[in-house]
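>>> take a look and give me a structure for this.
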Amino acid sequence: MMMSIRVYGLVAMLCLWGSAMGQLLPLQRGDRVPAALWAALGKNDLQVQVQAARPWTVLQLMRSDCGSCVKALPALQQLVECSKGAVQAFVVSPQPWPVMQKLMAQQRQKGVVLPMLAADSVCQQLFPHRLLSHVVWIDGHGVVRALTNTDSFGAAAWAEVEAGKIDRWPVKADVWDFDRRVPLLQWSAEHAVLAPVAAFSHSAFGPMLPGVQPVFGTERDTAGRMVRTYFINFSPAVMYKMLLGAFVGFPPSLVVWETARRPELEMPVGIPEKGAWKWRYNRCLEVVLPDSLPVERRQARVLEILNGYLDLRVRMEWRELACLELVVADSLRPVGMAGPSPVYDAQQHYRGKHLRGLLGLLQQSEEGLPYVQSVLPDTLAMPWVLERRVLRDVQLLDTALRAYNLQVRPVMAQQRVLVFADR
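Numbering: from 1, shown residues only. Model prediction:
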């Protein structure tokens, strides 16, 4: 009994010593936050009074160079507004004040008025993390109820919180993605003299892995007998595009959908709950094949396996399509660089874009412009300074054609298209 008392006393002394030294112990879900957290949040840039008894406090731990974190700030603002006063939210960063103040000044022009704490050390100790984004949910009793990423923002997530389902949310797995240095097979020294085993193959197809960033690649094992191809946390449509060399920026006008399953294969544009869509439809694929297969046959086999899992028939093929051909009205001479820019925007611009590049950007429009086949030289350049949103405006193309004596004529031409079809 005396020994137990002494041990507990020693633990208490160590805890007090740690607090006296300014060290805070990391918290997990179910832990109560210390008073030091509320004191630190009270030093926010807007001097917003912290209300520890507010039903919910949401902390977004971030950096200015985390693109997904910055992109999620309007969604966090929307969460605060749709909660009707039940949520107080803070942006927290270990970066210096000038860096974060510049970022928040830009965000406030977009309607984001969240209080911000920079040069933070308290939250970094209480909620250590390796991957961003990192979001902490604290209830009105000061208890950590959830550790998530920014996918937890939005009206659907708030509805789950109101329904008492927040405890069902998975804890963010704060891990790096797969260690590419770890081989699939390793031979021990005592077995190195044995004949190598026969190469085998296998495949696996599963749901999204939480806390892992999207990653893909091809690796050869140390025995040199097999190759592993993997796609982790991608939509099926993106997997197909990478396998077939179409990549993510493939023009929508060259994608043919002969299946009604597009909403589960490709993320719809403009949906508010992108995180919920990823949780439901993003997938992981791993295929291990013998190294003796040529690259072309191995890629074809991976495509065949993916088609089998999804019961699809996705392929690249040539089809005759109605296209637009661009020509100079009187000759094929290059267009000069003289003349004023029809559109100018000082903040967001493109300088000296090739006309071919302009047409390429225009055809990325979700409305699906017809494919433009340019017969002009690659050196053809135009003195445009273009606003990004105007690039999706068909009228801008008409302005360019008139200003530089160009014409677009309809033609039928063979084009390589990506076809999504049911089996």
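
>>> going forward, measure contacts between C-alpha atoms and count neighbours the same way
Will do.

>>> what are the buried residues along stretch 23-37?
Neighbour-count burial for stretch 23-37 flags Leu24, Leu27, Gln28, Val33 (criterion: 16 or more other CA atoms under 10 Å).

>>> closest one of those residues to Pro210?
Using CA to CA, Gln28 is the member of the buried residues of stretch 23-37 that sits closest to Pro210, with 17.3 Å.

>>> what is the burial count for the residue nearest to that closest one when sequence neighbours are not counted?
Spatial nearest neighbour of Gln28, excluding adjacent residues (CA to CA, 6 or more residues apart in numbering): Val144 at 6.9 Å. Using other CA atoms under 10 Å, Val144 is surrounded by 21 other residues.

>>> hang on, the earlier thing: in CSV: the buried residues of stretch 23-37, plus pLDDT.
Putting these into CSV (pLDDT from 0 to 100) gives the following:
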residue, pLDDT
Leu24, 87
Leu27, 92
Gln28, 90
Val33, 94
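
>>> surely the residue nearest to Gln28 forms part of a strand?
Yes - counting by DSSP: H, G, I helix; E, B strand; the rest coil, Val144 is located in a strand.

>>> residues contacting it?
Leu27, Gln28, Arg29, Gly30, Asp31, Arg32, Val33, Val136, Trp137, Ile138 (CA atoms under 8 Å, 6 or more residues apart in numbering).

>>> okay, it: pLDDT?
The score at Val144 is 94. That number is its pLDDT.

>>> for Glu296, same thing?
pLDDT for Glu296: 90.

>>> which secondary element of the chain has the worst mean pLDDT?
helix 2-20 (a mean of 41; mean pLDDT, DSSP states H and E).

>>> after it, which helix or strand is next? Please name it.
Downstream of helix 2-20, the first helix or strand assigned by DSSP states H and E is helix 35-41.

>>> direction included, what does the helix or strand just after that next one pair against?
Once the chain leaves helix 35-41, the next helix or strand it forms, by DSSP H and E, is strand 56-61. Strand 56-61 sits in its sheet next to strand 87-92 (parallel), strand 134-139 (antiparallel), going by DSSP bridges.

>>> and of these, who's closest to Gly67?
Taking CA to CA, strand 134-139 is the member of the strands paired with strand 56-61 nearest to Gly67, at 13.0 Å.

>>> follow-up on the earlier one: between the buried residues of stretch 23-37, which is nearest Val50?
Taking CA to CA as the measure, Val50 lies nearest Val33 of the buried residues of stretch 23-37, at 13.8 Å.

>>> quick check: mean pLDDT across the host helix or strand of Lys278?
Using DSSP H and E, Lys278 sits in helix 274-281. What helix 274-281 shows for mean pLDDT is 89.

>>> for the stretch 51-200 of the chain, which spans come out with low pLDDT?
Residues of the stretch 51-200 of the chain that meet the criterion pLDDT under 70 lie in 173-200.

>>> same thing but at 50, please
Applying pLDDT under 50 to the stretch 51-200 of the chain flags the ranges 176, 178, 183-198.

>>> circling back to that earlier point, so what secondary structure elements neighbour the helix holding Lys278?
Contact partners of helix 274-281 among helices and strands, from 3 or more CA pairs under 8 Å, 6 or more residues apart in numbering; DSSP states H and E: strand 202-207.

>>> picking that back up, past the helix holding Lys278, which element shows up next along the chain?
Helix 274-281 is succeeded, C-terminally, by strand 283-290 (DSSP H and E).

>>> can you list the strands that that following strand pairs with?
Strand pairing for strand 283-290, using DSSP bridges, gives strand 202-207 (antiparallel), strand 226-234 (antiparallel).

>>> list the buried ones in the helix or strand following the last one?
So the one you mean is strand 226-234. Next helix or strand after strand 226-234 toward the C-terminus (DSSP H and E): helix 236-243. Residues Pro236, Ala237, Val238, Met239, Tyr240, Lys241, Leu243 are the ones in helix 236-243 that count as buried (16+ other CA under 10 Å).
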